[in-house]
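K.L.:
give the three-dimensional model of this entry:
(4 chains)
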There are 2 protein chains.
Amino acid sequence: MGSQLSALRSVVTPRSVAVEDYVKCIWTLEEMGEEPSGTAIAAKLEVSPASVTGMGRKLVQLGLVEQEPYRPWRLTASGRLLALEIVRHHRLLELFLVRSLGMGWDRIHAEAEVLEHHISEELEELIAAALGNPQFDPHGHPIPQPDGTMPERTGIIPLVAIEAGSGGVISQVRDETPEVLRFLAERGMLVGATITIREQSPLAGTVTIFVADGDLETTIGRDLAAHIDVEVDA
Amino acid sequence: MGSQLSALRSVVTPRSVAVEDYVKCIWTLEEMGEEPSGTAIAAKLEVSPASVTGMGRKLVQLGLVEQEPYRPWRLTASGRLLALEIVRHHRLLELFLVRSLGMGWDRIHAEAEVLEHHISEELEELIAAALGNPQFDPHGHPIPQPDGTMPERTGIIPLVAIEAGSGGVISQVRDETPEVLRFLAERGMLVGATITIREQSPLAGTVTIFVADGDLETTIGRDLAAHIDVEVDA
DNA sequence: GCAATGGTTTAGGCGCGGCTAAACTCAAGT
DNA sequence: ACTTGAGTTTAGCCGCGCCTAAACCATTGC
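P.N.:
Residues are numbered from 1 along each chain as shown, chains lettered A, B, ... in the order given. Predicted coordinates for the structure are as follows:
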């Protein structure tokens, strides 16, 4: 029992829900390839830019962030570990809520968003164990491992980039909006579903997808199609 | 799905962890037969008496507590419902942590103490359903039901009040101290265990108990014995 | 009846994490 | 070079939940 290689446990820093939210937010922005600027953070956390500046000072002082005035922020090593810890909580919780309690795909995000800040390390381990130390959450997002690494996955591409006739298995949905997730679920477009592209209409801005299980076609916009990743057939 | 008779859901009041803690604390004191005086609350919450006064004003304003200056407090109807809601969360969580995740008997209290404030109504229902809508938690405490009633149990008496030679089944342990619970667990004195009183020594201040499963005797102090309830054999 | 004493309340203050309004930087465009 | 505008920071403020120190009942014992 117990994890010798648990880099994520080394983060002890005076934490608070707010601190954790900021660090996770910065990490997420970096992950999406966006600059973690004050405005971006403020927008994502729905907080005023002035508040962000204030918290920035604190995060620097806690050694979680490095910052020169008027420049985008960078997470320090411990900032990154803290972020990974919280993201691990979040994704483990999402999977747990779906698998062990049967909560709807569209509601797990909100629940995990709260609980991620409040579960103990021990509970985290028990949940991970109950799930068989999983690598991916119900949205197909990689779950940070106790040693701080991320499960890698190669060869997945957005729906929008697949030519008509090809297909594969949905392996990630990068959208947490409950309505969208409900819509997708109704049409069988869950993570793991086997699909084929019927038509790409760049002009109309749509993609038409055939879902094998359920034998139905669905047309979605390219914006949404850009956020659904597929592992293409070999 | 959904509960028509869920009186506990009617409590919506501007809540916060602190408010919930105070209300639950007052309820617990009433339950133990102690007057919910300022000092008692302060001691239990490990907070200064001045802070208690301040929060008292707020609770009155929220309609959760009735209070005349310099008199003990009383929960209003909605105060009581809020308390029951939190206690329900706590006890469901404790049972869930033990039964579904195998967490140790001695650690569930601390974990539930935090999580009770953060689970949604939906998660509460899912957990209750997963557990088969249970009536008692791992300590043998009754779990408030969705309609606001408490499961009743008759004929349970403290270990300390049972005469030597008699016995029964341990049905409630009113002590949350991890060390004590670990001690009891090691000696097989869990809720559900069948025991017989070997000796009552009022002068020494001890009670000696025989635990059927495990075939061993344990001697404990009368203080502890007063907090362990037994359903005596017919 | 009156002082002592313990429980309660006020007064004033602090850290946290937000806010608005106003000042300031910096990069760009004429 | 100078203005403009987007982005950032400061200044000053607020509510929450806690604190200490000091004042204030109210009950009890003499």
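
K.L.:
mind listing what A:Gln172 touches?
P.N.:
Counting by CB atoms under 8 Å, 6 or more residues apart in numbering or on different chains, A:Gln172 touches A:139-141, A:156, A:191, A:228-229. C-beta here means a position set from N, CA and C on the backbone, and glycine is covered the same way.

K.L.:
how about the residues of chain A near chain B?
P.N.:
A:97, A:100-103, A:107, A:110-111, A:114-115, A:118-120, A:122-123, A:126-127, A:130 (CB under 8 Å from any CB of the partner chain).

K.L.:
residue nearest the centroid of chain A?
P.N.:
Closest residue to the average C-alpha location of chain A: A:His141 at 5.2 Å, with CA atoms, centre = their mean.

K.L.:
how near is the closest residue to that one other than its chain neighbours to DNA strand C?
P.N.:
Nearest residue to A:His141 in three dimensions, chain neighbours excluded: A:Arg91, at 5.8 Å (CB to CB, 6 or more residues apart in numbering or on different chains). Counting by CB to the nearest atom of the strand, to the nearest Å, the separation of A:Arg91 from DNA strand C is 22 Å.

K.L.:
mind checking how far A:Arg91 is from DNA strand D?
P.N.:
A:Arg91 sits at a distance of 29 Å from DNA strand D (criterion: CB to the nearest atom of the strand).

K.L.:
which strand or helix spans that residue?
P.N.:
Here A:Arg91, judged by DSSP states H and E, is contained in helix A:77-101.

K.L.:
ramachandran angles for the residue nearest to A:Asp229 when sequence neighbours are not counted?
P.N.:
Spatial nearest neighbour of A:Asp229, chain neighbours left out: A:Gln172 (4.0 Å); criterion: CB to CB, 6+ apart. Here is the backbone geometry of A:Gln172 (degrees, to the nearest 10): phi -160, psi 140.

K.L.:
buried ones in stretch A:45-55?
P.N.:
Buried residues in stretch A:45-55, counted by 16 or more other CB atoms under 10 Å in any protein chain shown: A:45, A:47, A:52, A:55.

K.L.:
which of those residues fall within helices?
P.N.:
Here DSSP state H is the test, and those give A:45, A:52, A:55 as lying in helices.

K.L.:
how far away is the residue lying closest to the first one once chain neighbours are set aside from B:Ile26?
P.N.:
The shortest distance from A:Leu45 to any non-neighbouring residue, by CB to CB, 6+ apart, is to A:Cys25 (5.6 Å). When distance is defined by CB to CB, to the nearest Å, A:Cys25 is 37 Å away from B:Ile26.

K.L.:
who has more neighbours out of the two?
P.N.:
The neighbour count for A:Cys25 versus B:Ile26, taken as other CB atoms under 10 Å in any protein chain shown, is higher for B:Ile26 (25 against 21).

K.L.:
show me what contacts the more buried one?
P.N.:
B:Ile26 makes contacts with B:36, B:41, B:65, B:73, B:75, B:79, B:83, as judged by CB under 8 Å, 6+ apart.

K.L.:
rerun that using 10 Å as the cut-off
P.N.:
Taking CB atoms under 10 Å, 6 or more residues apart in numbering or on different chains as the contact definition, B:Ile26 lies against B:36, B:40-41, B:44, B:56, B:59, B:64-65, B:72-75, B:79-80, B:83.

K.L.:
now the buried members of those residues.
P.N.:
Buried members of the contacts of B:Ile26, scored by 16+ other CB under 10 Å, are B:36, B:40-41, B:44, B:56, B:59, B:64-65, B:72-73, B:75, B:79-80, B:83.

K.L.:
and the residues you listed, which is closest to DNA strand D?
P.N.:
Using CB to the nearest atom of the strand, B:Leu59 comes nearest to DNA strand D of these, at 9.3 Å.

K.L.:
thought the closest one was touching B:Lys24?
P.N.:
No. Between B:Leu59 and B:Lys24 there is no contact under CB atoms under 10 Å: 11.8 Å.

K.L.:
what's the helix holding A:Arg91 packed up against?
P.N.:
Here helix A:77-101 touches helix A:17-31, helix A:49-61, strand A:65-66, strand A:74-75, helix A:108-115, helix A:121-130, helix B:121-130, going by 3 or more CB pairs under 10 Å, 6 or more residues apart in numbering or on different chains; DSSP states H and E.

K.L.:
do that again at 8 Å, thanks
P.N.:
With contacts defined as 3 or more CB pairs under 8 Å, 6 or more residues apart in numbering or on different chains; DSSP states H and E, helix A:77-101 has these neighbours: helix A:17-31, helix A:108-115, helix A:121-130, helix B:121-130.
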